[in-house]
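Student: A predicted structure for the sequence below; I have some questions about it.
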Amino acid sequence: MLPKNRRIERKYFTSLLSHSKKYHSPHFLLFLASQDSKESQSKFSFSVSKKVAKRAIKRNLCRRRGYAVILKHLKEIKPGFFLFFSFKKFPDTDFKNLETEILNLLRSTSVLI
């Protein structure tokens, strides 16, 4: 799991969403905002809607897998604020497919070193 100081709190969502660029992949919508402060740490958030998975167990599994992918590739990601929203139902895919989709989305935004 990604450390708490690397996650974005929910209260900052509205301000970040209004000052960010939007990118999409088959299962994710990524809002990317640049950092204005001197803080050089990237911060991340994964949000999974009840429309995607009705049970909290499935939603939390999707979030944890997303954070695990980010943690695995944290050193390769440039600083910024990354908000991932899941907007389509996940087929029961394995971790490798999810990792590939997130990394391709980050490559398309050119934040992956």
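Tutor: Arrived safely, thanks for sending. Numbers count the residues shown, from 1 in each chain.

Student: alpha carbons only for contacts and neighbour counts from here, please
Tutor: Noted.

Student: show me what the residue most central in space within the chain is bridged to.
Tutor: Nearest to the geometric centre of the chain sits residue 84, at 3.4 Å (C-alpha atoms, centre = their mean). Beta-bridge pairing for residue 84 (DSSP bridges): residue 30, residue 46.

Student: ok, it touching residue 45?
Tutor: Yes: contact criterion C-alpha atoms under 8 Å: residue 84 and residue 45 qualify, at 6.0 Å.

Student: tell me the helices in the protein, going along the chain?
Tutor: 13-18, 56-72, 95-108 (DSSP state H).

Student: tell me which of these approaches residue 50 most closely.
Tutor: Closest approach to residue 50 among these (C-alpha to C-alpha): helix 56-72, 7.6 Å.

Student: now do that closest one against helix 95-108, angle only.
Tutor: 60 degrees (axes from the mean of the first three to the mean of the last three C-alpha atoms, to 10 degrees).

Student: which secondary structure elements does helix 56-72 sit against?
Tutor: With contacts defined as 3 or more C-alpha pairs under 8 Å, 6 or more residues apart in numbering; DSSP states H and E, the packing partners of helix 56-72 are strand 43-48, helix 95-108.

Student: now the angle from it to strand 43-48?
Tutor: 150 degrees.

Student: contacts for helix 56-72?
Tutor: For helix 56-72, the external contacting residues (C-alpha atoms under 8 Å, 6 or more residues apart in numbering) are 1-2, 46-50, 52-53, 95, 98-99, 102.

Student: now restrict those residues to buried residues only.
Tutor: Among the contacts of helix 56-72, those buried by neighbour count (16 or more other C-alpha atoms under 10 Å) are 2, 46, 47, 48, 52, 53, 98, 99, 102.
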